[in-house]
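Enquirer: Would you be able to build a 3D model of this:
(one chain, ligands or ions: 1)
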Amino acid sequence: MRDIATIVQQMTLEEKAALVTGATPWTTTPVARLGVPELFVSDGPHGVRRVEDVNTLGAQSIPATCFPTAALLAATWNADLVYRMGQALASEANAIGVGVLLGPGVNMKRTPLCGRNFEYFSEDPYLAGELAASLIEGIQSGGVGASLKHFAANNQEHQRFSIDAVVDERTLREIYLPAFERAVKRAKPWTVMCAYNKLNGEYCSEHYTLLTEILKQEWGFEGFVVSDWGAVHDRVKALRAGLDLEMPGPKPRRTQAVIDAVHTGELDAAVLDEAVRRVLTIAFRAAETPKGAAFDVEANHALARQIAAEGMVLLKNDGILPLQNPQRVAVIGRAAKYPHFQGGGSSHINPTRVDSPFDALQSRAGGATLTYSEGYPAGEEFQQSLIDEAVTAARSANVALIFVALPSYKESEGYDRTDLDLTAQQVALIKAVSAVQPHTVVILHNSSAVAMTAWIDGVGAVLEAWLMGQAGGGAVADILYGVTNPSGKLAETFPLHLEDTPAFINFPGENGQVRYGEGLFIGYRYYDAKRAPVLFPFGHGLSYTTFAYSNARVSAPTFRDVDGVTVSVDVTNTGAMAGKEIVQIYVHDRHCQFARPEKELKGFAKVELQPGETKTVTLALDFRAFAFWHPGHKQWVAEAGEFDILIGASAADIRASVPVTLQSTQTLPSLLNYTSTVREWLEDPHGRTVFEPLFQQMMAQMQQAFGGGDRSNEDDIGMNMMGFIMETPLTSILGFQEALLPAPAEVIVGELLRQVHGR
Ligand code: BGC
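Expert: Reported below is the predicted structural model:
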């Protein structure tokens, strides 16, 4: 183990300032005289995008496996498989000399329109956090660092360099931070990348609360914080806020600014030393991993195919899938031959090879005849002749397989989608083909919800194949032909219409700000609250077999928050084909002083079952599964009382519900103050005790004045007096009758508060 502290001492101010700014777009500054190695970083997240010339940003990269994007990865709900993808990513990073891979991204899918949704996991923070942690653990098990990004509230590309995300504290803690929190605490990523945007008025790169107080102090993050590329505005302020490494470099003016700030005293030398210590720790750690061994191209391609097959989601199936050896198959749609398997921008991988669905289908089809029709052009222009051709082919076939991909530029870093629609030609194509061929299957390539109401009723099956990575073509064929039983489930809700989506009226903001007005209620939390219909719910996905749930039970019907509770359920494969089921555990809080979503995902497991086989799924729920963030107490609170543990096959398909009672061991200080209402005084256990005598006195006076009854002077001013009193601050109520009181209202309430707070 190197003595980092000594090296920090030996470094000159100039060397330190240089170390905390990139030397090139992808490397840190080495210090040869002290043996400090250069650290090489590359995108991320679903493959290694290492450029040949380190001084270029966007050039084509060295070939590497393009694994499925996070959109598909999340739909596997398979933490072990995600871990294995991490291991494979590390093997490639090591082969081509990369020390830190810039990913995964765990920002919430707040709206299906976000251009970068393909890089993000889910609308649910629990699912995103768990899977991201597994990916990081896999990557780091190979001696390669991960960079968890983009911290935080980077949920749109519109004005991404400057937009101010206005998010209330509870929403931030319960929705936008937990995936980061879980990944940091569980997987200990070597680095975290800050977001470009502002959060509540402050650039994330300069956000002391976010980078230092929450990430480093509260969550115990020990790696270094790197800026997103070009996210730093004021280098010195960023350092003070906890941003350790600025990328990309070189930036001599920034380096000089740091040196000057230490000289003038504007920057405490100790702050710089701390950033240096963090960067050195990771640079030395990365250098311990041997580089240069070849990676196994075939094995990684096969793994990419396996992941792709597990993350594809069978959305609809009226029984035509799996295909029963059709003799004439009309394969329609450009994406069958020119697969659309990744998104645009910094994550764009130069794949080692690409499997086309058409070729894969051909190899699965036995002696059947496959025809190919393009169906639609690459862009958004309309060409009726392509539709006509496809209809002719479909009419004379036993089945039509339509591969529909959003135009490749639609889902990209840097800008958002403007609608959920397929192109006009694609919609017309699906309608025309399904009108002549009842056995029509639509295979979709996109990374977030698309609208389907215009055509879905006319088709027999829909397979969501996502941006599926380079080996996805084979996976599609395996699923269509039943070689693989589909087992993916949606990690995001598919709405009926864009107007139905939770952020619709707040997105993408105006005047430099986007208000997260829907608060906690994104994704299924929103549709649940509104009792609103959706196209496909969160957690939905069909199989070629069926599963029955039975014997749902908990370790104890009453449990202490510190102990948590364990929930078990038996799952049986009741069909004829081996398959995998994803069991989802949601928690419903029956009563809470704060608004809470109807239910929230707090556990999941994927189980493989042979026909007739039963397995027991057991999952532990801890304190956090029941808690909400209390902005008054600035901490997580789990209120004593009754909860329901819901066991579901999707958010809309709850198979069992088990009531439990939580006993709280938390002692929370009273939050009563001068503006607390009479109701709050009565509901606060401490407050009630000290307030009770005065309250009785008040009630007696009311009795006298109005002759009793809590609807006493309703006739006078049409008001329920008791209702009014309950919702009015005690100080104000007393103030109305101050002439009758022995002391001013503030003094009386002040005395009660002293008794409550013990000072
Ligand atoms: C992206 C990051 C990426 C970085 C380096 C930025 O524009 O937001 O996700 O890691 O570039 O390519």
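
Enquirer: buried set for the longest helix along the chain?
Expert: Assignment by DSSP state H gives helix 685-706 as the longest helix of the chain. In terms of neighbour count (16 or more other Cβ atoms under 10 Å), helix 685-706 has its buried residues at 686, 687, 690, 691, 694, 695, 698, 702, 706. Bear in mind the C-beta positions are built from the backbone N, C-alpha and C, glycine included.

Enquirer: next one: stretch 426-437
Expert: 426, 427, 428, 429, 430, 432, 433, 434, 436, 437.

Enquirer: Tell me the one among these nearest to residue 83.
Expert: residue 426 (36.1 Å; Cβ to Cβ).

Enquirer: so what pLDDT did the closest one get?
Expert: At residue 426, the model reports a pLDDT of 98.

Enquirer: And the helices in the stretch 601-750 of the chain, which stretches?
Expert: All helices of the stretch 601-750 of the chain, identified by DSSP state H, counting those that start in this stretch, fall at 623-626, 678-683, 685-706, 714-717, 721-726, 730-736, 745-757.

Enquirer: Out of these, flag the one nearest residue 98.
Expert: helix 623-626 (34.1 Å).

Enquirer: counting contacts, what elements does that closest one pack onto?
Expert: Packing partners of helix 623-626 (3 or more Cβ pairs under 8 Å, 6 or more residues apart in numbering; DSSP states H and E): strand 579-589.

Enquirer: Within its sheet, name the partner strands of the strand it packs on and how each one runs.
Expert: strand 600-609 (antiparallel), strand 641-650 (antiparallel) (DSSP bridges).

Enquirer: then stretch 538-548 to CSV, C-alphas only?
Expert: Written as CSV, here are the backbone C-alpha positions of stretch 538-548 (Å, rounded to 0.1, in the frame of the first residue of the first chain):
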residue,chain,number,x,y,z
PHE,A,538,-44.5,-0.8,-14.4
GLY,A,539,-43.3,-4.4,-13.8
HIS,A,540,-45.4,-5.9,-16.6
GLY,A,541,-44.1,-8.6,-18.9
LEU,A,542,-45.5,-11.8,-20.3
SER,A,543,-44.1,-15.3,-20.5
TYR,A,544,-44.8,-18.4,-22.5
THR,A,545,-45.7,-20.1,-19.2
THR,A,546,-47.8,-19.1,-16.3
PHE,A,547,-46.9,-18.6,-12.6
ALA,A,548,-49.0,-19.0,-9.5
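
Enquirer: Check which helix or strand residue 444 maps to.
Expert: Assigned by DSSP states H and E, residue 444 belongs to strand 440-445.

Enquirer: Spell out which parts of this protein neighbour the ligand.
Expert: 43, 44, 102, 149, 228, 229, 346 (Cβ under 6 Å from any ligand atom).

Enquirer: what about residue 167, distance to the ligand?
Expert: 19 Å (Cβ to the nearest ligand atom, to the nearest Å).

Enquirer: hang on, that residue packs against residue 516?
Expert: Yes - between residue 167 and residue 516 there is a contact at 4.5 Å, judged by Cβ atoms under 8 Å.

Enquirer: any common contacting residues for the two?
Expert: 153, 176 (Cβ atoms under 8 Å, 6 or more residues apart in numbering).
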